[in-house]
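Q: No sequence on hand, only this structure:
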């Protein structure tokens, strides 16, 4: 018996890796992003993205070398038309199951599919399609050889069964019931109790007629037939079904269903549609409202974490690089779901040639470079950079080509200079944009160096250094001791805005004197134009946290996000102005319900509380080194977890005690104490007047007593 | 009554242009080329092109401005999902028929379609989709405005009815019957009497079983079940049908049909599949064999003139730029069908980014540049250049980037240096390749100038000049008085081949002394490696004609093409070697029936006879100026027509008399006469010792008596 078990294990182990569906890197993501983005409607009208979209490669070759001790049957599943070339010979006959003779062989497949990404699943006793396979869209003239043209390794995700072809990927669904249904003749108004996303279902639907569904994030929107942002018109003929599912998934809390003819249905519920992710990060504190802010942020982020990170789930089902960049960072403190970050990074980039900035927005290209290095820093996964590096280079080439004679970037025809929704100038050379550009160059330099592309690493480093010097000399106003906003036609303006100042501070571009003046003259200065979007508040509050203003940020969070909760928010909004009352608060873009009431960038407390209150951040890729620097920010106590590739870091703090347990990697707890602290384990080290450090050894739990 | 008629005419005329299906330039051709090229099989196996293929743009916007005197209904047909945006507002409700109010409006449509090219057909009283519409794949952020990003005008062909959507395009078919059927138990061998292309049909097919079709260009091939190049395996279940059509079209003369089970069918015929074109060019002479050569050439060219110009119709259903370049030139002397030239030029180029040479072949990129200028020269149609110029620039950028430190091109990894099937070196800097490169640069300079791109025109002109000087100094061997073949690692070899010499001569790169030495030392020198492919014989014979060797070329034509006819050819071959006897003559590429017996490049007599015997060629674009310089090449008499955009030029000649009638444009008849000639009309002008000229006025017929 024992022997038999060993033999079986032996056989299973003989397969060097598990087979999985593979494709050319980026293809699955580009295809899926088209599927998703083409779901956006402007009420009745299709609304495709207004930037250049891309298609997956329709003609892809895959190849591998094998060395078989004995002959082996492989079974082949493919999405597309295909051939199989064994040792340079086109296989004749059945290409679903092939007997490979013993010895060394080259297996190659050419797959053509315009509709969905060419992808393959090959499975034998030892042979398995996986990310060690090469793939190729260029081809060479020698179909038998894996030559220099085969530089790219295939990509995969979790499609590990033959039946689970990539094009079949769908989000999961589960039933959810409304909390209230108001019935009137010919109409019902359904309330699901909170913002949600999915397919409305009509149970026991019978008859013929029309059914019109008007969705709303507010009851006012659902009841506004002429102005609600999304709707469905259905024509029903002689139907009698136990469950009728509307074929579009929508974001809403309320749905106003109007029906005519002899239509009857018993009740209404929905299939909630979601990406299954784990809530690994957590946060609890002595402040109940803050806890609700964290929970609502987490729900907001989950609703917008889907095939990709979306921003506004009701109206805007496109993928925006700048918005997504914040979702990535929040995700590292909540789900730590790598795949959705990678999918989104591929999707916004698309493929070559680069003809416009990502989403047409100048700044959004730069966030994209940063987001890739961030991904590496948080996850330690170099693989994404290896695969996407060629597209990083071509996007940066595009950006560099568009510099002006001062080697700076400004909006050219076709570019959208976004920066923020705010009454600020977008003309000429914006200081904030140059700083983002500089940070993009620095990210490229780091990635080039990781890829051993020394030439480019040196080039990008030099470009970044030169640009940083120019930024300081052009935009730092020595009288105002702050960065001014922009320079137009060679003339610097006097206006100071927060943007460049907070970015420079966050990116460590400032010495301590300049840091202090930015803090005093800009960030804490009420006379400087205030930021009103949660989008830019993300960076503003981060900058404030970075200089130790947790108490202030706590107050801001409670005011701003607490304010939305007090307005009845069940998810956080695209924009919040406490002065907008009644239905006015739903309006934006000149439309009465144009504002998104579930917007990813509204979820930033997740990030701020994890990184700057629990105080956990990676110092080296994948948390190989990390810092825990908790800060109560005025709370009585707090506790929570921050996910990492190797498990969760636990932090708890009250006014007397800090508890920490770490994971793999070199962790450091850093905290202030007015008197000499003590701990249950480890060696406490004083590093300055009132600051102490403790090394966190994986698997141990430390309890530190400190003096506030 | 009369008034009524006028009113009706008025109404019809109100539509400024006829509606037609429109798409983004290149999209239809790229899509169709994928459809066509994916039909190639290696016996049972799919054989996609081994170069990078492209997909059409899947997300295209179309727009136009209108100014209506009165409201107008437009009907809209679209291939794809779409929206309609009128004056910046997404149209709600029915998007198939829209009432446009009077006044100025911007009509915009966004169309998404991954499967077939996004295309639209809009028709109203005055509004019509046509090539005046703008289109866009980049988008801007203002869906209502036709701004600077809308530089591209839509493309169209002849899909002028709403029902005739571009994706429905198919070649035409007609019934053809075999000349012989040999029946045996369980099999029949069918002979269609000549090379053909189409779908085999089995009439009154009944029963169940398998039917295997083995196609052959020779009976030996059809009977060689193991080695024939194309085949179909069919499984038939309980069928009883009056006509069963095999679902793949194939090229063949013979088909060997083997069947099993209780399959029965009454007889076999086929649907011949072809592009409807007119045989506008013609040629007849005193030499019957030559006439058969011309007729067989014409049929060969027609068989390979399809959705695109193919080379070998049996085996190779891919589109090759170098091969097609010859088909274009032949076409100008036979069908003068512009659309198939344009389709092929788009198809081989594909879109951006350029990652390999066209068809991976270095020389094939250069022929492509030349082919565009040739197209302009023959047709006078500047529109193609306007549309494809951006892709000319990006391909040339690719070529220029790949120059070596001597600013010459040689094969890099992934490049195929083809030049010819011949035992010649392909290594290092080939003189012929540099000459083709130089000619490509010259073509680019001309096109850039036409596009008013002065900067690039100057740049390309300078690059061409510099390269030409280098070619002369590096490759012209003053001892041998000829171009040597190549330079490798800085060392020039001594070998002289015909390639560079004949190209330089054809492109007028040589002064009269060098022309004379190339003629004597290379072209007429039997010790220089002979050219055996009809492909390179095309250029060789053209070069010989260009220096007046028509008598010699006539002999070569009769030997080579006459030789194939004597071997029973019904279409001309990929390669012909009179020494190969029996079935050996069918072998190529190491396969017994690998050779194509219907190969476009075999049809060159069409071109040679039209251009150098009838002697008609354009001097200015679209035959605005042209020359007729007939040469009997040893014939007793000849007559024929050469098509031009404005009609056919007629030429007849015997040993005493030349008859010519012209078309629009300034024509010149030039001929030699030992004594003073006379003519029925016009003024004869002596231009040198024994050469005379006559201006051809359109619509007149000239009869000139000359002295041989």
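A: Ah, there it is. If you're wondering where the values come from, they're calculated on a predicted model, not measured in any experiment.
Q: make it CA atoms for all contacts and neighbour counts henceforth
A: Noted.
Q: Share the number of residues neighbouring the closest residue to residue A:413 other than its chain neighbours, please.
A: Distances taken as Cα to Cα, 6 or more residues apart in numbering or on different chains put residue B:148 closest to residue A:413, at 7.3 Å, once the chain neighbours are dropped. A count of nearby residues for residue B:148, using other Cα atoms under 10 Å in any protein chain shown, gives 10.
Q: Residue A:362 versus residue B:148, what's the distance?
A: 18 Å (Cα to Cα, to the nearest Å).
Q: Then residue A:66 would be within a strand, right?
A: Yes: the assignment for residue A:66, made by DSSP: H, G, I helix; E, B strand; the rest coil, places it in a strand.
Q: Provide the partner residues of it in its beta bridges.
A: residue A:105 (DSSP bridges).
Q: How many residues are close by the nearest residue to residue A:254 once chain neighbours are set aside?
A: Take residue A:254 and drop its neighbours on the chain: the residue closest to it by Cα to Cα, 6+ apart is residue A:191, 4.6 Å away. Other residues within reach of residue A:191, judged by other Cα under 10 Å, total 24.
Q: do the same with the one 10 residues further on
A: One way to gauge burial is a neighbour count; for residue A:201, by other Cα under 10 Å, it gives 22.
Q: If it is in a bridge, with which residues?
A: Under the criterion used here (DSSP bridges), residue A:201 is bridged to residue A:245, residue A:269.
Q: Distance-wise, check it relative to chain B.
A: The gap separating residue A:201 from chain B is 24 Å, by Cα to the nearest Cα, to the nearest Å.
Q: cool, and residue A:73?
A: 19 Å.
Q: Return the residues of the stretch 351-500 of chain A in contact with chain B.
A: A:352, A:353, A:355, A:356, A:360, A:413, A:414, A:415, A:416 (Cα under 8 Å from any Cα of the partner chain).
Q: The fifth one against residue A:413, yeah?
A: No: in this structure residue A:360 lies outside contact range of residue A:413 using Cα atoms under 8 Å: 10.3 Å.
Q: Tell me which of these two has more neighbours.
A: residue A:360 (23 against 10).
Q: Can you tell me the closest non-neighbouring residue to residue A:267?
A: According to Cα to Cα, 6+ apart, the nearest residue to residue A:267 is residue A:203 (5.4 Å).
Q: In a strand, the one you found, correct?
A: Yes: the assignment for residue A:203 by three-state DSSP puts it in a strand.
Q: tell me the pLDDT at it?
A: Looking at residue A:203, its pLDDT is 96.
Q: any idea how far chain B is from the closest residue to residue A:612 other than its chain neighbours?
A: Take residue A:612 and drop its neighbours on the chain: the residue closest to it by Cα to Cα, 6+ apart is residue A:545, 6.1 Å away. Distance of residue A:545 to chain B, given as Cα to the nearest Cα: 35 Å.
Q: my guess is residue A:545 meets residue A:553, correct?
A: Yes: the pair residue A:545 and residue A:553 qualifies as a contact (Cα under 8 Å) at a distance of 6.9 Å.
Q: where in the stretch 201-350 of chain A is pLDDT low?
A: For the stretch 201-350 of chain A, applying pLDDT under 70 flags no range at all.
Q: Can you name the residue of it nearest to chain B?
A: When scored by Cα to the nearest Cα, the stretch 201-350 of chain A has residue A:233 as its residue closest to chain B, at 9.9 Å.
Q: and residue A:377, what does it touch?
A: Neighbour list for residue A:377: A:618, A:619, A:620, A:621, A:622, A:623 [criterion: Cα atoms under 8 Å, 6 or more residues apart in numbering or on different chains].
Q: farthest pair in those residues?
A: Spatially, the most separated pair among the contacts of residue A:377 is A:619 and A:622, at 8.6 Å (Cα to Cα).
Q: more crowded one of the two?
A: Of the pair residue A:619 and residue A:622, residue A:622 is the one with more neighbours under other Cα under 10 Å, namely 21 against 16.
Q: So that one belongs to a helix, correct?
A: Yes: according to three-state DSSP, residue A:622 belongs to a helix.
Q: so who does it touch?
A: Contacts of residue A:622 (Cα under 8 Å, 6+ apart): A:376, A:377, A:378, A:379, A:380, A:381, A:644, A:645.
Q: can I assume residue A:241 is in contact with residue A:205?
A: Yes: shown here, residue A:241 and residue A:205 form a contact pair, counting by Cα under 8 Å, at 5.5 Å.
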